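*Asks:* Below is the sequence, then the predicted model.
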Amino acid sequence: MTTVYFLTNNYLFKNEIRYLKEIPKEKQKELLPLSFKGEKTASEFLKIEGIKKTKVIYASNHVAMINTAKYLSEELNVPIWIDEKLKERKIGILGSNSEHFLKEMQEHDFDYKFHNGESLQSTQNRMKEILKDILFRHPDKTIAVFTHDIALVALFATWCEKGYNLDNQMILNFKEEVIIDGVFHPFRIFKLEFDDMKLVNMTWLSKNE
């Protein structure tokens, strides 16, 4: 049995950051660090039951996710594997639209995307590819993966029943248990268990934040 913990941390630095040279907005998101509360939250991930059994750590190339993973890495003396396939869904060119509009459209149409952006379907394909590789490389291990909310929503839709809440936000259920509730959460922890490559159980651990 292989156990994979997926962790997200949205306590990001909110103060203005200025660059001497122009940097694309997508790149700026990758460079955004954690806030003080984000660092504190990252250190508290160590309290999760079972997390200290981790033998392998992966993180996206976003600075905030590397900063979140470093606490577990240092505690267990386990290296962090960085893979940009674990990055957040690429927004593309917003124009006069908002990210909220994009999210709503994509949750109802997984093929919808903005110019130079990613659809949820392409994001799902990317996340499935990296997860398959992780499971192949590390069978019967406990693995921690530090990634992003929308990327996980796309991935989890592979196995979950999809619906919508009263605010028309997408919700996902696995075996009648709520996994994604359509509400923003500052951090989330999910535990997935695989028998070989087959998912047998999925649990949302961080409900009392």
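*Replies:* That came in fine, so what should we check first? Numbering: from 1, shown residues only.
*Asks:* What are the buried residues along the helix or strand containing Leu102?
*Replies:* Using DSSP states H and E, Leu102 sits in helix 99-108. Residues of helix 99-108 classed as buried by neighbour count (16 or more other CB atoms under 10 Å): Leu102, Lys103, Glu104, Gln106, Glu107. For every residue, glycine as well, the C-beta is placed using N, CA and C.
*Asks:* same thing with stretch 133-151?
*Replies:* Going by neighbour count (16+ other CB under 10 Å), the buried part of stretch 133-151 is 134-135, 138, 141-151.
*Asks:* What separation do you get for the residue nearest to the spatial centre of the chain and Asn77?
*Replies:* Centroid-nearest residue in the chain: His148, 2.5 Å away (criterion: CA atoms, centre = their mean). Distance of His148 to Asn77, given as CB to CB, to the nearest Å: 26 Å.
*Asks:* residues contacting Trp81?
*Replies:* Val56, Ile57, Tyr58, Ala59 (CB atoms under 8 Å, 6 or more residues apart in numbering).
*Asks:* actually Pro33, not the one I typed
*Replies:* By CB under 8 Å, 6+ apart, the contact list for Pro33 reads Leu12, Phe13, Val63, Ala64, Asn67.
*Asks:* ok, of those residues, which come out buried?
*Replies:* Leu12, Val63, Ala64, Asn67.
*Asks:* got the contact list for Phe88?
*Replies:* Check again: residue 88 is Glu, not Phe. Applying CB under 8 Å, 6+ apart to Glu88 gives the contacts Lys29, Ser60, His62, Thr147, His148, Asp149, Ile150, Ala151.
*Asks:* All the strands of the protein, in order from the start?
*Replies:* 2-9, 56-59, 80-82, 142-146, 161-164, 170-174, 177-180, 187-195, 198-204 (DSSP state E).
*Asks:* Format those as CSV; extra columns: mean pLDDT.
*Replies:* Shown next, in CSV, are these (pLDDT from 0 to 100):
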stretch, mean pLDDT
strand 2-9, 97
strand 56-59, 98
strand 80-82, 98
strand 142-146, 98
strand 161-164, 95
strand 170-174, 96
strand 177-180, 95
strand 187-195, 96
strand 198-204, 96
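*Asks:* Which of these sits closest to Lys47?
*Replies:* Proximity to Lys47 (CB to CB) singles out strand 187-195 among the strands of the chain, at 10.5 Å.
*Asks:* Just want the angle from the closest one to strand 198-204.
*Replies:* Using axes from the mean of the first three to the mean of the last three CA atoms, to 10 degrees, the inter-axis angle of strand 187-195 relative to strand 198-204 is 160 degrees.
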